[in-house]
Every structure is written in C-alpha cells, then in structure tokens.
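# A predicted structure for the sequence below; I have some questions about it.
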Amino acid sequence: MPADYLLNRERIITLLEQWLELDWLRALDLALVKLLAKLDPEASPLMLLAIALTSHQLGRGHICLDLEHLLRDPDLILLLPPEGQLVEAEQILPSQLLSIVSLEQWLSALEQSVLLYRPEQGSAAPLVLSGTRLYLYRYWHYEMSVAGALVQRLDNKLPLADDFADRLDGLFSEPLWVDGQRQTDWQKVACAMAAQGQLTLITGGPGTGKTTTVVRLLALLQQIAVQEGQALRIQLAAPTGKAAARLTESIGGQIASLPIEGRVKQSIPNEVTTLHRLLGSLPGTRHFRHNRTNPLVVDVLVIDEASMIDLEMMHSVLQALPAHARLILLGDKDQLASVEAGSVLGDLCADAEQGYYTLETQQQLEQLCREPITAEHWRRGIAGQHHLAQRTVMLRYSRRFGRDSGIGQLARAVNASDSYQAWQILQQDSADIGYLQLYQSDDAVFEQLVLGGQQGKQCRGYRHYLQVLHEMRPSLEQPLTSDCWQEWAMHVLTAFDKFRLLCALRQGDYGVAGLNERIVQLLYRKSLITRAQGWYEGRPVLVMQNDYSLGLMNGDIGIALYLPNSEVNAESDAPAYVLRVVFPRNDGTDGVRFILPSRLTAVETVFAMTVHKSQGSEFAHTALILPDRLNPVLTKELLYTGITRARDKFTLIESRGGIFKASVQRKVERVSGLSQAIAKQSIN
Ligand SMILES: Nc1ncnc2c1ncn2[C@@H]1O[C@H](COP(=O)(O)OP(=O)(O)OP(=O)(O)O)[C@@H](O)[C@H]1O
C-alpha cells in the first residue's frame with residue numbers, strides 16, 4: 001500500500017532510495033533528507049518527503065515547493081516519472097503516495113519540526129515555511145533580500161533637470177509611426193522612467209531597441225551630469241561573456257552616432273563586463289569581492305540579458321549595489337529563465353504586457369514624453385498593488401523583425417502559444433523560415449543542412465567556416481607575431497557564427513552528445529576535418545566552466561587552429577606548427593588570443609549546442625532540431641529563445657511530427673514567491 005510508506009521514517013527513506021535508483025531524484029536530494037533527518041530525529045515522514053521534493057524542485061529551477069499547488073497534481077508538477085519513462089506496476093508514484101494526504105495534515109507535520117525557521121525565535125534552521133511554500137533557508141533568504149532591496153528602490157524619485165522633456169525630445173526627434181499609425185514611443189517612455197527612478201525594468205523582444213534606448217538614456221543622464229561638473233560612474237554588464245561581447249559591439253557603434261558633444265560621448269563606457277567580473281568572483285566560493293561591506297563604485301548599473309540572471313546572482317548584485325545607484329535591467333521576459341533556480345526577470349515583468357500604470361504614473365510619463373501613452377491590451381493599475389509595473393516598460397515594436405518577417409511572425413505565434421498559427425508560418429516556406437522533417441536517422445537532408453551552401457547565402461552550414469579556415473590561411477612563412485594570424489583567426493570565428501545547430505537536450509541521438517558525434521563523422525567523411533576524435537584543426541569548443549586563470553568564461557567559444565610554433569628554432573626538431581585554440585577577447589577590440597589545448601580542462605565540442613547555452617548569442621542561420629519524443633524541457637520559451645537566436649534565417653527540424661506543435665502549448669512555470677514578497681514588503 002502506498003500509504004504504508006508514510007508510516008515511519010525508515011519506510012519513506014526506502015521509497016526515496018527507490019526513486020533515486022529510478023533517477024527520479026538526485027543523490028543530492030536524498031543526501032539532504034538524510035542529513036536533516038539526523039538533525040531532527042523526530043521529523044515525520046511527511047517532513048522528509050517534503051524536503052526531498054523541495055530539493056528536487058530546486059534542481060528543476062523552482063525556488064520553493066508550493067504544497068497546495070503540488071497536491072493538485074503531484075506527478076505533473078514534479079514531472080515524475082520523467083517523460084518517456086514507463087512505470088512498472090510495483091513502482092509508487094508521488095500521486096499515489098499523496099492521495100491520502102491533506103494540505104492541513106502536511107502543514108501541521110512540517111510545523112512540528114525543529115527544522116523549520118521561526119522568525120520569532122530568531123535561531124537558525126534549514127527550512128522555511130511561508131504560507132504553503134516550503135523553502136530551503138538559503139533560497140528564502142535570497143528571495144526576501146532581493147525583494148527588500150528592490151522595494152527600497154521602487155519609490156525613490158530622483159530630481160530631473162527643468163528642461164528634461166526638451167532634452168528627451170532632442171534624442172527622439174521623430175514621432176514613431178508604424179504601418180501608417182502613430183504609436184507610443186516606448187523607448188522614449190523607458191528613458192523618462194529610468195531618468196526619474198532608481199530601478200527600471202526594460203523588457204522587449206529581439207530588435208525592439210533595448211540597446212538604443214539605454215545608450216540614449218546614458219547620453220541624456222551624462223549630458224546633464226557633465227554640465228553639472230560631475231560625470232556619472234556608469235557600469236554595463238551582462239550575465240555571460242558572449243552577451244557582454246555582443247552588447248559591447250552594438251553599443252560602440254551607437255555611441256559614435258549620437259548627436260552629442262565629444263566629452264559626453266567619452267564619458268559613456270563602451271565596454272561591457274560580465275557580472276562575475278564586475279562583482280569580482282572569489283574562485284572556489286559562492287562569494288564576491290564586492291558585497292554589502294565593499295560596494296561597487298557606481299552611480300548607474302545597466303545589466304543586459306537580464307532573463308539569464310538567477311535569484312542568487314540577483315541577490316549578489318543587489319548586495320553590492322550602493323544605495324544611491326540606479327539599476328536598469330534590460331532583457332526579454334519571454335526567453336528561457338536562468339539555468340540556475342529562479343525566473344527573476346519573468347517574475348518582475350509579470351505585468352509588462354498590460355502596462356498596469358496608475359493614472360499618476362501615466363500622467364507623469366505623458367508630461368515628460370509629451371505623447372499619449374497607450375497600447376493594445378492596456379490595463380489601469382492600482383496604486384499600492386501594481387508596484388513593479390510603475391517601474392517597467394515593455395518595448396513593443398521590433399525594428400529587426402517587422403510584420404513581414406517570418407522569424408518575427410513565428411516568434412510571436414510561439415510566444416502566444418498559438419500552435420496552429422506557428423505551424424502555418426513554418427509551412428509557408430518564406431525566405432527566412434525553413435522546415436525539415438527527418439524520416440530516418442541518417443537522412444541526407446540533415447547532412448545537406450549541416451554542410452550548407454546549397455540553398456543560397458542565407459543558408460550557410462559548417463562547410464562555410466571550414467572553407468574560410470583553409471582559403472584565408474596566411475602564408476606559412478609569416479611569423480606568429482604577424483597580425484595576419486590574428487586577422488585570420490577572427491575571420492574563422494566570425495564565419496563559425498554564420499550557422500549554429502541548436503538542440504533541446506544534452507543526451508541521446510537528438511541531444512548535444514549524439515548530434516556532435518554525428519556532425520564530426522560527417523565532416524570527417526567529407527574530408528573537411530582531418531580527425532574524428534581528440535583535437536583537430538577546426539574543432540569548435542565551448543567552455544563549460546569559468547576559468548579565471550585563463551580569463552575564460554562559461555559559454556565562451558573557441559576554435560582549434562594550426563599556428564606557427566613560437567618555440568621552433570634551427571637546432572630543435574619541434575614541429576613548425578602547433579594546434580592552439582583561438583578565443584575572441586570579448587572586450588570590444590576584435591582581438592583574439594591563442595591557448596594551448598592542453599590547458600583547457602572543461603570544454604566540449606560545439607557543432608551542436610543547447611538552446612540554454614545559446615542565450616545571449618545570435619547566428620545568421622540558426623537551425624533548431626527537436627527530439628523524437630516529448631520531454632519536459634520542450635516548452636514555448638525554449639522554442640522562442642531558439643527562434644530569436646536567428647538573424648537572417650531559421651530552420652526547424654523535426655524528427656517526429658507533432659513535437660513542435662505540442663511544445664508550443666507547454667509553458668515553463670517556475671514557482672517562486674518573489675512577486676508576493678515584493679508586494680508584502682511594499683505595504684510594510
Ligand atoms: N529609435 C530608433 N530609431 C531608429 N532606429 C532604431 C531605433 N531604435 C532602434 N533602432 C535600430 O533598430 C535595431 C535594433 O535596435 P537595438 O539593437 O537597440 O535593439 P535590441 O532590443 O537591443 O536588440 P537585441 O535583441 O539584439 O538585444 C538597430 O539597428 C537600431 O539601430
């Protein structure tokens with residue numbers, strides 16, 4: 001009887017051990033249960049079960065376990081058994097176990113345990129129950145601290161120069177017209193909001209002008225500050241090296257074209273750093289050099305690609321941010337949430353679509369922007385209820401993917417969970433959208449796609465960068481010190497970004513491992529690479545862990561190239577050429593550096609990469625291959641993120657019909673209490 005497992009602690013631990021063997025739980029989940037069971041020998045089986053499930057959910061990105069929510073449909077919410085796994089008759093499912101448990105009974109079992117933190121007693125405890133949500137203490141603390149730090153910044157209004165509205169008009173001189181209709185210029189609204197407050201959230205899809213907005217805002221703020229004799233100390237950051245490099249590139253060009261004085265231009269930084277570098281990672285720990293006691297020296301902090309920030313990182317950023325500083329978060333709320341637990345930007349921007357401005361906010365912004373503020377689906381907000389909405393702007397018009405763009409239409413349909421429309425767009429076969437159905441694992445169309453070249457310039461594959469590698473190789477007489485090697489390496493790296501195959505999973509035939517193997521074999525068969533294992537010229541690799549000694553960040557991509565051996569001389573018989581891996585410097589200089597393969601400890605081949613890892617990057621042609629069966633990671637957020645990585649062309653590859661349509665209808669729902677904590681702390 002499933003209920004027997006709840007009779008005593010030994011039995012529930014036996015069941016959890018069975019779940020571990022089935023891969024339903026992680027070893028870490030069970031280790032935590034056993035550790036806490038020792039700390040509280042009285043903890044009931046229901047408490048031990050709750051610990052295991054809270055830890056399991058944390059591993060899936062949820063900050064906490066909502067018991068009430070869980071009891072409605074335990075197997076679905078826990079995703080147990082994992083999709084695709086068949087259940088044997090003797091296996092006990094969470095739904096069977098919990099069918100006899102009521103919410104009241106479970107809460108009361110938890111409340112009796114000394115493992116629960118009781119604020120009135122003030123003593124440390126590993127778990128926190130907040131309403132019906134159970135947290136590991138650390139995550140509850142992060143949530144409360146992030147909510148508190150944001151609330152402190154919510155209502156602080158900063159003084160504006162008397163001629164602010166004129167200055168804003170100067171930067172947005174043309175009213176915004178879209179398809180013959182006058183529209184609210186949300187970029188202008190975002191600038192006005194960010195100028196007058198300490199916290200601003202700017203969300204928008206690809207090409208909606210987030211970077212342009214922030215550059216104009218910084219110009220505006222800096223113009224005023226420079227005139228007053230004290231330039232602002234501005235820092236720009238992004239969660240990954242790749243995202244930082246992209247922003248560095250686009251910001252540099254935009255600053256140059258601003259209609260402002262040279263000295264103001266010079267006071268706007270054009271270099272974007274990673275959050276880890278900004279905060280000063282302390283290797284081997286979760287801590288940073290900059291924190292509450294050693295805050296950052298900054299007046300304005302702008303963080304791009306904020307959807308990739310997890311709760312713990314957000315906590316660290318807010319701890320290190322001085323009280324007077326402005327914080328501006330930019331990102332696309334509809335993209336996949338962070339790999340680690342939390343969905344900070346999604347939680348903070350929950351009201352962005354409908355606006356929810358109070359009359360007061362709307363009137364203030366209209367006065368500053370000198371234009372009416374309205375949008376489709378617009379709702380009126382209530383003071384004291386829609387706090388964050390008063391600090392949020394959603395940019396709604398994509399200059400990159402207009403109404404006619406197939407990529408834009410597909411992204412919008414997927415985002416709206418409209419599987420019928422999304423499917424129609426895929427089948428239209430417009431110039432920037434492709435669809436391939438694979439009927440067998442060695443389908444020739446897959447090979448054609450990966451090699452590329454047959455279907456016009458937009459449809460590049462991996463043959464292209466290997467051709468650049470061979471055809472542009474400098475003369476072998478050139479010494480390593482010659483610039484030509486750096487330039488060649490940069491060309492190869494740029495060419496590699498013309499195409500990328502994305503996938504949803506890590507394992508299996510349609511995961512990173514299987515696809516990389518298949519592509520390597522294909523390129524080897526076509527004599528485009530010289531080896532099919534180990535290191536070979538042209539091998540692209542992805543850095544899997546930050547390596548501060550080499551200056552490499554998780555997510556950096558390098559390519560192995562033969563370069564002149566600097567150690568060779570007349571007497572030595574060392575080879576004239578050695579393989580080195582070239583990485584972009586990611587500092588906006590277009591520079592590269594060369595690292596010996598033997599120094600790279602945590603890298604993997606990256607012909608195929610997960611959509612998660614591709615966040616913050618963009619490729620001219622992006623192909624997304626879906627697995628042959630449904631999996632929990634297949635959601636509209638994953639598809640949307642994959643599609644919006646494409647600049648000129650997107651190709652969807654299905655290995656079984658129906659997977660795309662089913663995935664469009666599934667949403668990521670991460671459980672957290674951040675919005676509630678902000679609402680609660682705003683009232684207090
Ligand atoms: N107000 C504007 N007037 C004219 N062009 C603009 C304006 N805003 C943005 N653009 C142009 O639209 C394009 C996209 O803008 P931008 O790079 O700022 O968008 P983004 O949202 O930051 O894009 P991404 O999705 O790459 O982060 C750029 O070419 C930019 O120059």
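Received it, and whenever you're ready, just let me know what you need. Numbering: from 1, shown residues only.
# just the strands in the stretch 251-400 of the chain please.
Assigned by DSSP state E, counting those that start in this stretch, the strands in the stretch 251-400 of the chain fall at 272-274, 300-303, 326-331, 355-357, 379-380, 392-395.
# what would the ones you listed look like in TSV with mean pLDDT, mean neighbour count and distance to Tyr420?
C-beta coordinates here come from the backbone N, C-alpha and C atoms, glycine included. Listed next are the strands of the stretch 251-400 of the chain as TSV, based on pLDDT from 0 to 100; neighbours: other C-beta atoms under 10 Å; distance: least, C-beta to C-beta, whole Å:
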stretch	mean pLDDT	mean neighbour count	distance to Tyr420
strand 272-274	89	23	40
strand 300-303	97	24	37
strand 326-331	96	25	29
strand 355-357	91	23	28
strand 379-380	88	13	27
strand 392-395	95	24	25
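# need the residues of the stretch 51-200 of the chain near the ligand, please.
Gln187 (C-beta under 6 Å from any ligand atom).
# in the stretch 51-200 of the chain, where is pLDDT below threshold?
Along the stretch 51-200 of the chain, the parts satisfying pLDDT under 70 run over 83-84.
# repeat that for 80
82-90, 119-123, 173-181 (pLDDT under 80).
# and the stretch 251-400 of the chain, by the same measure?
259, 283-284, 338-339, 375-377.
# find the closest residue to the ligand in it.
The stretch 251-400 of the chain approaches the ligand most closely through Arg399 (3.4 Å), counting by C-beta to the nearest ligand atom.
# what about the closest residue to that residue other than its chain neighbours, distance to the ligand?
Leaving out its chain neighbours, the residue that sits closest to Arg399 by C-beta to C-beta, 6 or more residues apart in numbering is Gly207, at 5.2 Å. Counting by C-beta to the nearest ligand atom, to the nearest Å, the separation of Gly207 from the ligand is 4 Å.
# could you check how many residues crowd around Gly207?
The burial count assigned to Gly207 is 20, neighbours taken as other C-beta atoms under 10 Å.
# doesn't Arg400 make contact with it?
Yes - between Gly207 and Arg400 there is a contact under C-beta atoms under 8 Å: 2.5 Å.
# the host helix or strand of Ala190 vs strand 326-331, what angle?
Using DSSP states H and E, Ala190 sits within helix 186-196. Angle of helix 186-196 versus strand 326-331, following axes from the mean of the first three to the mean of the last three C-alpha atoms, to 10 degrees, is 150 degrees.
# after helix 186-196, which helix or strand is next?
strand 199-204.
# what packs against that following strand?
Counting contacts by 3 or more C-beta pairs under 8 Å, 6 or more residues apart in numbering; DSSP states H and E, strand 199-204 is packed against helix 137-154, helix 186-196, helix 210-227, strand 326-331, helix 344-348, strand 392-395.
# recalculate using a threshold of 6 Å.
Contact analysis of strand 199-204 by 3 or more C-beta pairs under 6 Å, 6 or more residues apart in numbering; DSSP states H and E lists helix 186-196, strand 326-331, strand 392-395 as its packing neighbours.
# show me what that strand is in contact with.
153, 190, 193-194, 210, 327-330, 333, 348-349, 352, 391-395 (C-beta atoms under 6 Å, 6 or more residues apart in numbering).
# mind running it again at 8 Å?
For strand 199-204, contacts defined as C-beta atoms under 8 Å, 6 or more residues apart in numbering pick out 150, 153-154, 186, 190, 193-194, 210, 213-214, 306, 326-333, 345, 348-349, 352, 388, 391-396, 398.
# residue of the stretch 501-650 of the chain closest to the ligand, please.
Glu618 (6.6 Å).
# in this structure that residue contacts Arg246, no?
Yes - the criterion here is C-beta under 8 Å, and Glu618 meets it with Arg246 at 6.8 Å.
# of the two, who's got more company?
Applying other C-beta under 10 Å to Glu618 and Arg246 shows that Arg246 carries more neighbours, namely 20 against 17.
# and that one, how far is that from the ligand?
Distance from Arg246 to the ligand, by C-beta to the nearest ligand atom: 7 Å.
# residues of this structure that sit close to the ligand?
Going by C-beta under 6 Å from any ligand atom, the residues of the chain near the ligand are 187, 204, 206-212, 250, 399-400.
# narrow the residues you listed to those that are buried.
187, 204, 206-212, 250 (16 or more other C-beta atoms under 10 Å).
# helix, strand or coil for the residue in the stretch 401-550 of the chain that the ligand sits nearest to?
Going by C-beta to the nearest ligand atom, the ligand is nearest to Phe401 of the stretch 401-550 of the chain, at 9.3 Å. Per DSSP: H, G, I helix; E, B strand; the rest coil, the local secondary structure of Phe401 is coil.
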